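Participant: sequence first, predicted model second:
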Amino acid sequence: MRISMLALVLVVCACGPNDPSGRAAGVGALTADTTRGATVYMGQCASCHAADGKGVAAVSGADLTVKVPMFTAQQITLVVLNGEGKMAPMPGMKDQEIADVVAYCKATFK
Ligand code: HEC
């Protein structure tokens, strides 16, 4: 009984309400490459977050040098998949691109 409850809790955490498709869990399982991630970042994120992560002047609240250290890799993945506050979701990105860009952010903005 206790073991099945634990298993249930683990399943809910890995694939919970924020990750109904389980996509974030799949992204987290990929091998990421920060060099590829840098390219993805410049193409998909820098228009709002700026090359240095501090955010472009026209977009407020987008300073990744403040936000990324407070977030786990999975939380950043969920922001990209689901959006957060003023940031729109980016469901068109491939799982590998997300894994790479999240690894780049964690390695760069800390
Ligand atoms: C069109 C503009 C735009 C693009 C493109 C964009 N973001 Fe954001 N992002 C924002 C804004 C605005 C916020 C602040 C959201 C808020 O606090 O309301 C934000 C916040 C975040 C946060 C912090 C979320 C929080 O809860 O404070 C993370 C992490 C993030 N973005 C990662 C990324 C990554 C990684 C990419 C590229 C794959 C990306 N963003 C692309 C506009 C953008």
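Facilitator: Everything's here; your move.
Participant: could you find the closest non-adjacent residue to the residue of the chain found nearest the ligand?
Facilitator: Per Cβ to the nearest ligand atom, G85 is where the chain lies closest to the ligand, at 2.2 Å. Quick note: C-beta positions are derived from backbone N, CA and C, even for glycine. Leaving aside its chain neighbours, G85 sits nearest to G61 (7.0 Å; criterion: Cβ to Cβ, 6 or more residues apart in numbering).
Participant: and for that neighbour, the neighbour number?
Facilitator: Residues lying near G61 (other Cβ atoms under 10 Å) number 12.
Participant: and what of the one 10 residues further on?
Facilitator: F71: 18 surrounding residues under other Cβ under 10 Å.
Participant: quick check: it vs A58, distance?
Facilitator: 23 Å (Cβ to Cβ, to the nearest Å).
Participant: I figured the residue of the chain closest to the ligand hits V59, correct?
Facilitator: No: with contact defined as Cβ atoms under 8 Å, G85 and V59 do not form a contacting pair (11.6 Å).
Participant: okay, these two: which has more neighbours?
Facilitator: V59 (14 against 8).
Participant: mind listing what that one touches?
Facilitator: V59 makes contacts with 48-49, 86, as judged by Cβ atoms under 8 Å, 6 or more residues apart in numbering.
Participant: part of a strand, is it?
Facilitator: No: using DSSP: H, G, I helix; E, B strand; the rest coil, the assignment for V59 is coil, not a strand.
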